[in-house]
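Peer 1: need a structure here:
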Amino acid sequence: MGLPSRPPPDVGRDSEPAHQGLRVSVEGNAMESGRQAVVAARWMAALLLALVITSPGHAQGVRVGEEGALGIERAAETGKPVDPTAPLGNYAQLLDEAPGHALTFEDARTRLAAGDFQRSTAAVPNLGNRAPPRWMHLDIDNPGAAPLAYRLYIAEGWTDKLDVWLVAPAGATRHWRAGDERSPSHFLRMGLGFAFDASLPPGHSELFVRADSIDSAALALRLIPQAATGELEGAAQHWLGLVHGFLLALVAAYGLLWLALRETNLLRYVVYVGSYLYMHLSYSGFAARAVWPDTPAVAQFAILIGMTLFSSSGLWFARGFLGLAEFAPKVDRVVAWIVRIALAVMAVCVLTNSKAVAVDLAFAYIMLFTFVMVGLGILGVRHGRDQATIFLAATLLSMAGALVTTLAVMGRVPFSALTFRAVEVGVMVEAAIWSLALGLRLRRQQQDRARALELASHDPLTGLYNRRGFLEQALPVFSTSTRNERPLAVVMLDIDHFKQINDVHGHDAGDRTLVAVADQLRNTCRLGDIVARWGGEEFVMLLPETPGDSAHELAERLRELFAGTVVVLGDGGSATFTASFGVAVRSDATTLEDVLRASDAALYAAKHAGRDRVVSTTSTSKPALA
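Peer 2: Down below sits the predicted model:
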């Protein structure tokens, strides 16, 4: 806009009119300049407004292309591609319905035009428990010349009701309806939630979403080219396969162990891991697709029941693993009653179709379960319970995984596949640690049981079999010898004047003498021979494949060996001893008891004949001096 030319001064006028003309001219110029400034300011404001509207740095929504969807603002800020599978909640606008005042699609468009929608501050907006229905709006810009085939991932698979509208540039609208109250499996993608295939035409489209769910649901909005959905869904299914396979392997392995060992803690662990497997199958969408695809009544309670069973079985396992009743019986009773009440209330909710109460119970119970588990771990550590430290570490790791996932959904930490799956990783690590702890405990119990069995069948002083252990080992050998008509001999020996050794040198000398005899017997006998301390200062040897004369020769060598043995005593002194032997053979005896009785009779004869000698006999004849 050009400025008007100033008129030339009138030199024929007197000075005052000239001054007045000059003043008028100056005022007119000033007014004109003001008008020009206002016009310029208006043009500048219009230009700035146009820049604001068209600037990608301030635009709301996403831009789609062949490679994927990208937030317009993010594109302006970075100038380079970002993860095309990342949730787009930050580029959407949200509106919560007033309780009891449901909005139609047209109502929502009116409210959007009125500026009632607010920009989302989270990559994954969350619909909390008992929250009113939430609307989400997203602008979608396709700058290309051709339509693009996309899959719209909207919300988690347990969302009760989900309505999605896609408004094309020309105004045509497509409407999808989903949700587990309508059809649990329709439009459901396992591990990713409800998804809808759409063609995004060139130009500006609008996406409206209405999510209505009584329990918490994450709105992880993602726009993925259909050509790239295979990679995303394949990765999700591979992860689910890993989780389910891992948990199923634990259930199968420890279930078989429980069937074999009947160890109660193994059963508790199997129930705990199995309940988490059921819960994961439910909320990942696998069960909805495979078990109850068109059963909304089941789908509404399936996850809530899983949460309750998971918490209850976890507390049941903790009580047994820590032995809570042994060191904190009152706490154990309180925890037991918590489990009973929670299960009973959930059962009543299912029977009366009270989903709202079931939601409150399930979420409150699983939060209580987490803190109670940590508290029980700390209590176990303070009381020095076996493996309580391992229990506490496993519980804290599980809690850390749940916290990371919660923060990722809330937008407090970067949302990624790893942070979103952290809760599952935490539970799997917890289950693996507990399985290791149970394995170590089982090994120790087996070692303790083996030691107990050894003590039950072995003499603790000499390490030889005791009477019970001898009979357990000898009876099968005797039966085989009898069945095959093979030779077998029994040698029984007794230390001479053993009471005198104890009386003169003390009981330690007697113990040392017994150990010396046991060592000589072990070193002299063959691998297949069975040697035992029969009781007191008596010992017995079962010699398979040994005729009577060979057994007699062995007993004679041992008699001479014992007579030359010097027992070193604890006080530096020494003692010597002799032994008497009785030898019997199987011959035509029908039982091992007969042969033992015959060898004992031969030993008695050796003692009666003056000791330090060997007497042989058969099971049916009188003893004869060697």
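Peer 1: any idea how far the spatially closest residue to residue 152 that is not a sequence neighbour is from residue 300?
Peer 2: Among residues not flanking residue 152 along the chain, residue 196 sits closest, at 4.9 Å (CB to CB, 6 or more residues apart in numbering). For every residue, glycine as well, the C-beta is placed using N, CA and C. Residue 196 is 22 Å from residue 300, where distance means CB to CB, to the nearest Å.
Peer 1: list of residues touching the host helix or strand of residue 539?
Peer 2: Element membership of residue 539 [criterion: DSSP states H and E] is strand 538-544. Contact partners of strand 538-544, identified using CB atoms under 8 Å, 6 or more residues apart in numbering, comprise 464, 470, 473-474, 477-478, 480-481, 486, 488-494, 517-518, 521, 525-526, 528-534, 550-551, 554, 596, 599, 603.
Peer 1: how about the helices in the stretch 1-150 of the chain?
Peer 2: For the stretch 1-150 of the chain, the helices defined by DSSP state H, counting those that start in this stretch cover 15-54, 72-78, 105-113.
Peer 1: which strands and helices lie in contact with the last one?
Peer 2: Applying 3 or more CB pairs under 8 Å, 6 or more residues apart in numbering; DSSP states H and E, one finds that helix 105-113 contacts strand 93-96, strand 134-142, strand 203-212.
Peer 1: give the other helices and strands that the first one contacts.
Peer 2: Read that as strand 93-96. So strand 93-96, by 3+ CB pairs under 8 Å, 6+ apart, packs with helix 105-113, strand 118-119, strand 134-142.
Peer 1: pick the most deeply packed of those.
Peer 2: strand 134-142 (a mean of 22; mean count of other CB atoms under 10 Å).
Peer 1: and that strand with helix 105-113, angle?
Peer 2: Orientation note: strand 134-142 sits at an angle of 70 degrees relative to helix 105-113 (axes from the mean of the first three to the mean of the last three CA atoms, to 10 degrees).
Peer 1: show me what strand 134-142 is packed against.
Peer 2: Looks like strand 134-142 contacts strand 62-65, strand 93-96, helix 105-113, strand 203-212 (3+ CB pairs under 8 Å, 6+ apart).
Peer 1: can you give me the strands in the stretch 501-626 of the chain?
Peer 2: 530-535, 538-544, 566-568, 574-576, 579-585, 614-618, 624-625 (DSSP state E, counting those that start in this stretch).
Peer 1: which of these sits closest to residue 151?
Peer 2: strand 530-535 (76.0 Å; CB to CB).
Peer 1: contacts for the closest one?
Peer 2: 459, 461-462, 464-467, 469-470, 473-474, 477, 492, 514, 518, 521-522, 525, 539-542.
Peer 1: again, but for stretch 165-176
Peer 2: With CB under 8 Å, 6+ apart as the test, stretch 165-176 has contacts from 105, 152, 162-164, 187, 196, 198, 201-209.
Peer 1: now list the buried members of those residues.
Peer 2: 152, 162-164, 187, 196, 198, 201, 205-209 (16 or more other CB atoms under 10 Å).
Peer 1: please tabulate those in JSON lines, including the columns pLDDT.
Peer 2: Listed next are the buried ones among the contacts of stretch 165-176 as JSON lines, based on pLDDT from 0 to 100:
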{"residue": "152", "pLDDT": "96"}
{"residue": "162", "pLDDT": "96"}
{"residue": "163", "pLDDT": "97"}
{"residue": "164", "pLDDT": "97"}
{"residue": "187", "pLDDT": "95"}
{"residue": "196", "pLDDT": "97"}
{"residue": "198", "pLDDT": "95"}
{"residue": "201", "pLDDT": "95"}
{"residue": "205", "pLDDT": "96"}
{"residue": "206", "pLDDT": "96"}
{"residue": "207", "pLDDT": "97"}
{"residue": "208", "pLDDT": "97"}
{"residue": "209", "pLDDT": "97"}
